[in-house]
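**Student:** sequence? don't have it. structure:
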């Protein structure tokens, strides 16, 4: 089954792991980077991959490194890579957790909340891409996914608040603030959800934390709109 790409599950979130059916497949670090690059970027020419993965090497040496990596992956994990000559890709039916999260974020942007909010929040909160990897191209993708998750949490918080689902609004706002503590829109949604639950003290604490951090980090004061949300709380 693995020879035609079935049965592979590739995890890039939380940690790198490849499974075939229920078995973990050991893969060396250099080959992990190649597989991750194809999972993140999709099918790419060899010239793109050598520039991405070996930017400091001479082209001839980088091409040889790529050739060796492709050979090792093809031998150790047959069916995972599709070698199209000048273009390399993963097998079409390799299941990649990052792709599911990206699909979820696109669906949120397109049509808003639809389905199990708790499950969506759980998956998005755990969607940290390749922690501990510091290649420039990985750092760029980490930042991009972080911004996408931030936007998704904002959508969930805003729509949950509108539906009077205050618990989900609180959780989504808090998740956004874990990523970006000075995200004013998330602070506003958090305060509104807490006040709707009758928890004025928590709303005021959230405002004071935000005000203190904003002053410490930026030398700024909260906007009038945020101040108004707690103006009547003593």
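**Tutor:** That came in fine, so what should we check first? Everything numeric here is computed off the predicted structure, so don't read it as measured data.

**Student:** So if we follow the domain assignment, how does the chain break up?
**Tutor:** 2-93, 97-229 (automatic domain parsing).

**Student:** With mean pLDDT and mean neighbour count as new columns, can the ones you listed be given to me in TSV?
**Tutor:** Backbone N, C-alpha and C define where each C-beta goes, glycine included. As requested, these are exported to TSV (pLDDT from 0 to 100; neighbours: other CB atoms under 10 Å):
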stretch	mean pLDDT	mean neighbour count
domain 2-93	92	16
domain 97-229	96	17
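
**Student:** Give me the distance between residue 75 and residue 81.
**Tutor:** Using CB to CB, to the nearest Å, residue 75 is found at 10 Å from residue 81.

**Student:** Would you map the helices across this protein?
**Tutor:** 29-41, 46-53, 59-76, 97-111, 117-125, 136-162, 166-179, 184-196, 200-218, 224-229 (DSSP state H).

**Student:** Contact partners for residue 84?
**Tutor:** For residue 84, the contact set (CB atoms under 8 Å, 6 or more residues apart in numbering) comprises residue 43.

**Student:** what's the distance between it and residue 34?
**Tutor:** 15 Å.

**Student:** Over to residue 157?
**Tutor:** Using CB to CB, one gets 38 Å for the distance from residue 157 to residue 34.

**Student:** got it, and residue 175?
**Tutor:** 32 Å.

**Student:** What of residue 55?
**Tutor:** Per CB to CB, residue 55 is found 14 Å from residue 34.

**Student:** I'd like the helices of the chain laid out as JSON lines, including distance to residue 88.
**Tutor:** Below are the helices of the chain laid out as JSON lines (distance: least, CB to CB, whole Å):
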{"stretch": "helix 29-41", "distance to residue 88": "6"}
{"stretch": "helix 46-53", "distance to residue 88": "6"}
{"stretch": "helix 59-76", "distance to residue 88": "7"}
{"stretch": "helix 97-111", "distance to residue 88": "17"}
{"stretch": "helix 117-125", "distance to residue 88": "28"}
{"stretch": "helix 136-162", "distance to residue 88": "16"}
{"stretch": "helix 166-179", "distance to residue 88": "33"}
{"stretch": "helix 184-196", "distance to residue 88": "40"}
{"stretch": "helix 200-218", "distance to residue 88": "43"}
{"stretch": "helix 224-229", "distance to residue 88": "49"}
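
**Student:** among those, which is nearest residue 12?
**Tutor:** helix 97-111 (4.7 Å; CB to CB).

**Student:** Who are the packing partners of the closest one?
**Tutor:** Where contact means 3 or more CB pairs under 8 Å, 6 or more residues apart in numbering; DSSP states H and E, helix 97-111 is packed against strand 8-11, helix 29-41, helix 117-125, helix 136-162.

**Student:** Of all those, which one comes closest to residue 62?
**Tutor:** helix 29-41 (11.8 Å).

**Student:** which outside residues touch that closest one?
**Tutor:** By CB under 8 Å, 6+ apart, helix 29-41 touches 10, 12, 16, 18, 27, 44, 48-49, 52-53, 65-66, 69-70, 72-73, 76, 80-81, 88-90, 94, 96, 98-99, 130, 133, 135, 137-138, 141.
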